[in-house]
Structures are given as structure tokens and as C-alpha cells.
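Trainee: Predicted model, plus sequence, below.
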Amino acid sequence: MFHTIFLWLIMALLPVVTFADDARAESPEQSLIVSADRLALSKDAFWLRLLHIPRDRADTPRSDIRSDEFFLAADGRTDPAAELRETLRAFFSGTPRQA
């Protein structure tokens, strides 16, 4: 399910990346990250739910997940934007993450 959600996310961002003015100067990975930042996807309620961040903590996010292994970013528990960027990078790394 996790991969399906992010496949949808990438497909949703693809038109934004394709038609972005600066897309030619950046890698596809970086273009997706820039587009995600521009669209403020890290503040989206769905993304916050995936990270197990309760709605009442959206202003000062802190995930209910306590295990560092759940997050890709070092500060992913408290920084949804950093976690989203690392998640997008992971799609391009080609190396599965070891648990």
C-alpha cells in the first residue's frame, strides 16, 4: 500500500515536473522534491496521517511512532518535509532500505 500511495504521488507530480521552467536544469529527483515543496505536500493531512502525526499536532509535528527505523530522514519524526524529501530520494536510489 505504501508503494501504491507514493506511485500515485509521483504520478500526480509528474505533470508539474514536466512543465516546470527549471525542470531542464535539475534531475527528475530534484524536480520532484522542488515540486513537493512548492505544493506544500509535507503539510497535507494525508502525508501527516502516513507519518502518524495527530491533527492536533500539525503546527508542531511529532509522530506517535517512536522507532527511528520507521523514518528515512534523521529528523523525520518531527520534520514531515525532511521525511518527504528523503522518501522521494529513496524512490530514485534503487537500493532497498534494510530494516
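Mentor: Done, it's in. Keep in mind that what you see is a predicted model, and the values were worked out from it rather than measured.
Trainee: Skip the chain neighbours and tell me the closest residue to Ala82.
Mentor: Of all residues not flanking Ala82 in the chain, Ala73 sits nearest, at 4.0 Å (C-beta to C-beta, 6 or more residues apart in numbering). Yep, even glycine has a C-beta here, placed from its N, CA and C like the rest.
Trainee: how about that neighbour, phi and psi?
Mentor: Main-chain dihedrals, Ala73, degrees, to the nearest 10: phi -80, psi 150.
Trainee: what do you get for Leu50?
Mentor: The phi/psi pair for Leu50 (degrees, to the nearest 10) reads phi -60, psi -30.
Trainee: Can you read off the pLDDT for it?
Mentor: With respect to pLDDT, Leu50 scores 96.
Trainee: And for Phe91?
Mentor: 88.
Trainee: Check the gap between it and Leu72 for me.
Mentor: Phe91 sits 11 Å away from Leu72, going by C-beta to C-beta, to the nearest Å.
Trainee: Could I get the full set of strands for this structure?
Mentor: Using DSSP state E, no strands are assigned anywhere in the chain.
Trainee: Name the helix or strand of this structure that has the lowest mean pLDDT.
Mentor: None of the helices or strands of the chain scores lower by mean pLDDT, DSSP states H and E than helix 2-18, at a mean of 59.
Trainee: What count of nearby residues applies to Val34?
Mentor: 18 (other C-beta atoms under 10 Å).
Trainee: and what of the one 5 residues further on?
Mentor: Counted with other C-beta under 10 Å, the neighbours of Leu39 add up to 13.
Trainee: any idea of the pLDDT on it?
Mentor: For Leu39, pLDDT reads 96.
Trainee: Tell me how far it lies from Arg66.
Mentor: Leu39 is 29 Å from Arg66, by C-beta to C-beta.
Trainee: Check Arg85 too.
Mentor: 22 Å.
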